[in-house]
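>>> quick one, what's the 3D model for this:
(chains A and B)
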Protein chains: 2
Amino acid sequence: MNFKENIKTITIDKPLKLDCGKTINNFPLAYETYGSLNKEKDNAILVFHALTGDQFVTGVNPVTNKDGWWSYAVGPGKSIDTKKYFVICANVIGGCMGSFGPGHQNPETKKIYGTDFPVITINDMVNAQKNLLDHFGIKKLFSVVGGSMGGMQVLQFVSNYPDKTKTAVPIACTSSHSAQNIAFNELGRQAIAADHKWQDGEYSSKNTIPDKGLAVARMAAHITYLSKKGLQEKFGRKLQERDDLKFGFDADFQIESYLRYQGSVFVDRFDANSYLYITRAMDYFDLVKQNNGNLSNAFKNTKAKFFVISFTSDWLYPTQENKDIVIALNSIGANVGFVEIKSDKGHDSFLLDVPDFLKALKNFLDKSYLEE
Amino acid sequence: MNFKENIKTITIDKPLKLDCGKTINNFPLAYETYGSLNKEKDNAILVFHALTGDQFVTGVNPVTNKDGWWSYAVGPGKSIDTKKYFVICANVIGGCMGSFGPGHQNPETKKIYGTDFPVITINDMVNAQKNLLDHFGIKKLFSVVGGSMGGMQVLQFVSNYPDKTKTAVPIACTSSHSAQNIAFNELGRQAIAADHKWQDGEYSSKNTIPDKGLAVARMAAHITYLSKKGLQEKFGRKLQERDDLKFGFDADFQIESYLRYQGSVFVDRFDANSYLYITRAMDYFDLVKQNNGNLSNAFKNTKAKFFVISFTSDWLYPTQENKDIVIALNSIGANVGFVEIKSDKGHDSFLLDVPDFLKALKNFLDKSYLEE
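Residues are numbered from 1 along each chain as shown, chains lettered A, B, ... in the order given. Below you'll find the model as predicted:
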């Protein structure tokens, strides 16, 4: 992917000490903005992306030429109304859309980092992005919003910078990965490592990519993003452009064809090592442990107004895990609203056209913006 | 694996027309028996194994030197009491423990079949195993019993041979794979095919095995066999022999180490091509479609007494899918009992020490055996 001309970056010249102990300096953070920052600089929303997202939230992604990943929610007149708000989104560090990641050159060795890149955490991602506030001269964000891993960043941001946002919207997320979550991520990592073209992460220097392993990792993850019921309604046992079973190993069923397609298009836009690093960050995230077993402590210093959103058919981060965040907030008297949205679309509901969700998000933001 | 001396086989010399249209002749069926056939020949139970099972139901598996896969349920005094019943179990065709499968030589080409082996179905498996009744001179089985894919074979057996068994016990199964079931199987197949050592199925002739791909397939499947709650209780976020996270890609969490282990031991005992064929058979199984949309028709000619068993935390073949079988049986006034067993152990519950299940199975069999 030759995409550099489409990517805005700032160089973070403030040293960032990572959780792993290493310090990074003068590293690039790629970002995109939508809408305009008002004179008071009080209308900015920092959107955090999920595992395979990037800074291109809405409109046409100039690298993939496809719609931005949150086009349903973000844009003029939409839930996150870019006529009203100034939306900022950065590619997470560890990612592959311009921010400092394993595909970058190690200045010391002049080689691509690969797995020599430091293991990063959700905390590191958020601390890197905090620099965007200084860059834009924003004292306090109007909101931090994100789903899935984006929701984890929302929680971490408020915990780290309790007075830097007026509101916070963690969507379809969790305060720490369950064993099943870790298992699925490990499955993906093992699929990548099983591809002989992965080459212990040094595939870039060998002019190859572990495309098959990465595709399998994507297929595994994709199944977890959809609900059993949603899959059944959409695909069931429908056959793929054939009248009957073919008694072979081609894709007889539409669901097989769909999964293969999801795997194949993913490898065109995503880097295998970034997949390893970002899933690792998700598995390491544990806001409960960070606060010595008491999640409430993560939020004790903030006056931010929270709105927690979950989806009925999300089995990756089920409603109960979102409710646990609400309970932690309630137990310290924080300002928190919660809604569980009915949807058959599984975890992916937050990315899709789910009107009840989109309305709830819009109402929360627009009403909160008017409040003093 | 050089295991031939431990494997009993019969050669099926009656031509078997497969669902794919091909006919197979003089093929081996590997089997094992436990207990003794009585003089009346009315105490035989045909046990069907699941995806990765084999004929070595109980005692020590002479090939792997581990306990048979159903040692909790089958043995002297156990649920399927080998002091009382004559237990027969055959390796399914398509398998890799001696029955005719993709690892066998094609008599026409003198080459290992690999993916030239015909695609087989649950129906084919059952029709092959029916020959065991003739072999042992059994006119009517006392029972057909099996869990997961074994349960599919139970249903298919009764449908094909309605007067050949007195009772039937399908456990934790379904009358057809859901889109999600197919998706997980396809994920496994793609993981195997992604391994360059798979060599389009011709790895045997190249003295290699697609061990990494097969291990990933096993990991994926293994996650589906366990419940989210069971995984959380057993592993949670416990670390693997370390005090803290290591900020690398080794197995930090016990669940990672466990999955890697499950993958690595599996490749020692199972064949990658058999994995492709058997998962395909499961995906193709559709007793509803076989009966033109009316599952009841599968059972309309049988007087067999059914006992359907499901488990609360089984998300692979949830209780509702087992209940659908019960509903189909009830709607034609068949003799059917049903129990949903409370267990956190997921789909694997039928293989594990789940006392309520083991008791229910024993009671059903022992009481039914006394009935005229």
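
>>> so who does the closest residue to A:Ile122 other than its chain neighbours touch?
Closest residue to A:Ile122 apart from its sequence neighbours, by Cβ to Cβ, 6 or more residues apart in numbering or on different chains: A:Phe285 at 4.4 Å. C-betas here are computed from N, CA, C, even on glycine. By Cβ atoms under 8 Å, 6 or more residues apart in numbering or on different chains, the residues touching A:Phe285 are A:121-122, A:152, A:156, A:176-177.

>>> farthest-apart pair in these, please.
Using Cβ to Cβ, the two most remote members of these are A:Gln156 and A:His177, lying 13.6 Å apart.

>>> can you pull out the strands in chain A?
A:8-12, A:16-17, A:23-24, A:27-34, A:44-48, A:74-75, A:80-81, A:86-90, A:141-147, A:165-171, A:305-311, A:335-341 (DSSP state E).

>>> need those in a markdown table with mean neighbour count, distance to B:Ser227 and mean pLDDT, can you?
A markdown table is the format used below for the strands of chain A (neighbours: other Cβ atoms under 10 Å in any protein chain shown; distance: least, Cβ to Cβ, whole Å; pLDDT from 0 to 100):
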| stretch | mean neighbour count | distance to B:Ser227 | mean pLDDT |
| --- | --- | --- | --- |
| strand A:8-12 | 16 | 43 | 97 |
| strand A:16-17 | 15 | 40 | 98 |
| strand A:23-24 | 14 | 40 | 97 |
| strand A:27-34 | 22 | 40 | 98 |
| strand A:44-48 | 27 | 30 | 98 |
| strand A:74-75 | 23 | 36 | 98 |
| strand A:80-81 | 22 | 37 | 98 |
| strand A:86-90 | 26 | 36 | 98 |
| strand A:141-147 | 28 | 25 | 98 |
| strand A:165-171 | 26 | 25 | 98 |
| strand A:305-311 | 25 | 20 | 98 |
| strand A:335-341 | 18 | 22 | 98 |
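
>>> make CSV out of those strands and add distance to chain B.
Converted to CSV, the strands of chain A look like this (distance: least, Cβ to the nearest Cβ, whole Å):
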stretch, distance to chain B
strand A:8-12, 20
strand A:16-17, 13
strand A:23-24, 14
strand A:27-34, 18
strand A:44-48, 22
strand A:74-75, 30
strand A:80-81, 31
strand A:86-90, 22
strand A:141-147, 20
strand A:165-171, 19
strand A:305-311, 15
strand A:335-341, 18
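
>>> out of the ones you listed, nearest to A:Ser274?
The nearest among these, by Cβ to Cβ, is strand A:27-34 at 12.5 Å.

>>> which intervals of chain A have sub-threshold pLDDT?
By pLDDT under 70, the low-scoring segments of chain A are A:1-3.

>>> can I see the domain layout of it?
What automatic domain parsing lists as the domains of chain A is A:4-176+A:288-370, A:181-279.

>>> and those domains: which comes nearest B:Arg218?
It's domain A:181-279; of these, that one is closest to B:Arg218 (Cβ to Cβ) at 10.1 Å.

>>> any part of the closest one near chain B?
Yes: Domain A:181-279 is in contact with chain B by Cβ under 8 Å from any Cβ of the partner chain, via A:182-184, A:186-187, A:189-191, A:193-197, A:212-213, A:215-216, A:219-220, A:223, A:228, A:231-232, A:234-237, A:245, A:247-249, A:251-253, A:255-256, A:259-260, A:263, A:276.

>>> distance check, the spatially closest residue to A:Ser175 that is not a sequence neighbour against A:Phe157.
Once flanking residues are discounted, A:Ser175 sits nearest to A:Leu287: 4.4 Å by Cβ to Cβ, 6+ apart. As judged by Cβ to Cβ, to the nearest Å, A:Leu287 and A:Phe157 stand 11 Å apart.

>>> quick check: closest non-adjacent residue to the residue nearest the centre of chain A.
Nearest to the mean C-alpha position of chain A, by Cα atoms, centre = their mean, lies A:Ala50 at 1.0 Å. With sequence-adjacent residues excluded and distances taken as Cβ to Cβ, 6+ apart, A:Ala50 is closest to A:Ser148, at 3.9 Å.

>>> list the contacts for the one you found?
A:50-51, A:171-173, A:316-317, A:347, A:350.

>>> A:Asn123 now?
Contacts for A:Asn123 (Cβ under 8 Å, 6+ apart) come out as A:19, A:156, A:160, A:290.

>>> likewise for A:Thr64?
A:Thr64 makes contact with A:56, A:268-269, according to Cβ under 8 Å, 6+ apart.

>>> same thing but at 6 Å, please
Counting by Cβ atoms under 6 Å, 6 or more residues apart in numbering or on different chains, A:Thr64 makes contact with A:Arg269.

>>> next: A:Val336.
A:306, A:326, A:329.

>>> any chance of those in CSV, plus distance to A:Tyr34?
Below are these laid out as CSV (distance: Cβ to Cβ, whole Å):
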residue, distance to A:Tyr34
A:Phe306, 23
A:Val326, 29
A:Leu329, 29
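
>>> closest to B:Asp67 among those residues?
Of the contacts of A:Val336, the one sitting nearest to B:Asp67 (Cβ to Cβ) turns out to be A:Val326, at 45.8 Å.

>>> so the closest one touches A:Val308, yeah?
Yes: here A:Val326 reaches A:Val308: they are 5.1 Å apart, a contact under Cβ atoms under 6 Å.

>>> the stretch 201-350 of chain A: helices as residue ranges?
Under the criterion DSSP state H, counting those that start in this stretch, helices of the stretch 201-350 of chain A are mapped to A:211-225, A:228-234, A:254-269, A:272-284, A:287-290, A:319-330.

>>> so can I have TSV of those showing mean neighbour count?
Output for those, formatted as TSV (neighbours: other Cβ atoms under 10 Å in any protein chain shown):
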stretch	mean neighbour count
helix A:211-225	25
helix A:228-234	17
helix A:254-269	19
helix A:272-284	25
helix A:287-290	18
helix A:319-330	19
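
>>> out of those helices, which is closest to B:Tyr85?
The closest of these to B:Tyr85 is helix A:228-234. By Cβ to Cβ, the value is 36.5 Å.

>>> which helices and strands sit right next to that closest one?
Applying 3 or more Cβ pairs under 6 Å, 6 or more residues apart in numbering or on different chains; DSSP states H and E, one finds that helix A:228-234 contacts helix B:179-194.

>>> residues in contact with the helix it packs on: which ones?
Residues contacting helix B:179-194 (Cβ under 6 Å, 6+ apart): A:212-213, A:216, A:219-220, A:223, A:228, A:231-232, A:235-236, A:253, A:255-256, A:259, B:198, B:210, B:213-214, B:216-217, B:220-221, B:224, B:272, B:276, B:279, B:283.

>>> buried set for that helix?
Applying a neighbour-count criterion of 16 or more other Cβ atoms under 10 Å in any protein chain shown, one finds B:179-194 buried in helix B:179-194.

>>> so it versus helix B:319-330, what angle?
Going by axes from the mean of the first three to the mean of the last three Cα atoms, to 10 degrees, helix B:179-194 is angled at 120 degrees with respect to helix B:319-330.

>>> contacting residues around A:Ala172?
Residues near A:Ala172 by Cβ under 6 Å, 6+ apart: A:147-148, A:310-311, A:314, A:317, A:347, A:350.

>>> follow-up on the earlier one: quick check: of the contacts of A:Ser148, which lies closest to B:Thr167?
A:Leu316 (40.6 Å).

>>> test my guess that the closest one contacts A:Asp348.
No: the criterion here is Cβ under 6 Å, and A:Leu316 misses it with A:Asp348 at 9.3 Å.

>>> quick revisit: next one: the residue nearest to A:Ala50 from A:Val169, what distance?
In terms of Cβ to Cβ, A:Ser148 sits 13 Å off from A:Val169.

>>> same question for A:Tyr261.
Applying Cβ to Cβ to A:Tyr261 and A:Val169 gives a distance of 31 Å.

>>> which residues sit against stretch A:262-278?
Taking Cβ under 6 Å, 6+ apart as the rule, stretch A:262-278 contacts A:51-52, A:64, A:94-96, A:101-103, A:114, A:189, A:192, A:201, A:210-211, A:214-215, A:218-219, A:222.
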